[in-house]
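K.L.:
dropping a prediction and its sequence here:
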Amino acid sequence: MSELLKIENLHAEIDGKEILHGVDLKIEKGEIHAIMGRNGSGKSTFSNTIMGHPAYKVSKGNIVFNGQVINELKTNERAKLGLFLGFQYPLSIPGVTVANFLRQAIKAIKGETVSPKDFRKLLYEKMDDLEIDHAFATRYVNEGFSGGEKKRMEILQMALLEPKLAILDEPDSGLDIDSLKLVTTSINKFKETNPEMSLILITHYQRILDHVKPQFVHVVSEGKVVESGGPELALELEKRGYDWLTDREVSSV
């Protein structure tokens, strides 16, 4: 294993308001990390900052990806290096089919112009791997999709782009039990065939971690990582809630 992502004392702000107050995190190749926390704790700010969302400004610290400081790189430049972000609320793109969107994504990120025939073969192979119906390819991106279909669209995109590090922002958001199983099965199948890819799962709840098993769990509160541990930390949070950590911090002062 070797270090893929190193976050050093990361401070980030939006509209002049600092949201992240010194985040430190290291991720090795092939690892799965879960980041948990309440609403408003800074989880989504963390993911958007790593991906280079222009609204989020790094005011202090460094984001080091594969040995390169990427603080100043644009989002598309980070994507070309191998970063991928799956959104909590993916946007619909009326009039653009899934197939056309994904073919253009490959061209933009990998710099490869794939013939329609070769792309169709590749797309159908990935869809078969993830047990996604081929008819999905002719639909407009996320238009009329269920919550589970939107999330599986993100996983299909990830499978085609083959990132070095994928950040999935609340992939369990709005999913029922059956949809959660379909989405997590897709994630696990892709991870099995890409063992060196690292994965960050951002979530409120432990339930997704029953299906996608992290080696490390980190809890974010008020823009900082306040606790890190193994999978047992998520189980403890499920039993005691986030107040458990807050109360513990207060009692230790």
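P.N.:
Okay, I see it.
K.L.:
where in the stretch 151-253 of the chain is pLDDT low?
P.N.:
Residues of the stretch 151-253 of the chain that meet the criterion pLDDT under 70 lie in 246-253.
K.L.:
can you pull out the helices in it?
P.N.:
Assigned by DSSP state H, counting those that start in this stretch, the helices in the stretch 151-253 of the chain fall at 177-193, 231-240, 243-252.
K.L.:
can I get these in a markdown table with mean neighbour count and distance to His204?
P.N.:
Yep, even glycine has a C-beta here, placed from its N, CA and C like the rest. Formatted as a markdown table, the helices of the stretch 151-253 of the chain follow (neighbours: other CB atoms under 10 Å; distance: least, CB to CB, whole Å):
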| stretch | mean neighbour count | distance to His204 |
| --- | --- | --- |
| helix 177-193 | 17 | 13 |
| helix 231-240 | 15 | 10 |
| helix 243-252 | 11 | 14 |
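K.L.:
would you reformat those helices as JSON lines and include distance to Asp129?
P.N.:
As requested, the helices of the stretch 151-253 of the chain are exported to JSON lines (distance: least, CB to CB, whole Å):
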{"stretch": "helix 177-193", "distance to Asp129": "6"}
{"stretch": "helix 231-240", "distance to Asp129": "26"}
{"stretch": "helix 243-252", "distance to Asp129": "39"}
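K.L.:
of all those helices, which one is nearest Arg120?
P.N.:
With respect to Arg120, and counting by CB to CB, the nearest of those is helix 177-193 at 19.6 Å.
K.L.:
quick one, which of the helices of the stretch 151-253 of the chain gets closest to Val114.
P.N.:
helix 177-193 (19.3 Å).
K.L.:
which one, of the helices of the stretch 151-253 of the chain, ends up nearest to Gly111?
P.N.:
helix 177-193 (21.7 Å).
K.L.:
contact partners for Thr97?
P.N.:
By CB atoms under 8 Å, 6 or more residues apart in numbering, the residues touching Thr97 are Ala137, Thr138, Arg139, Tyr140, Val141.
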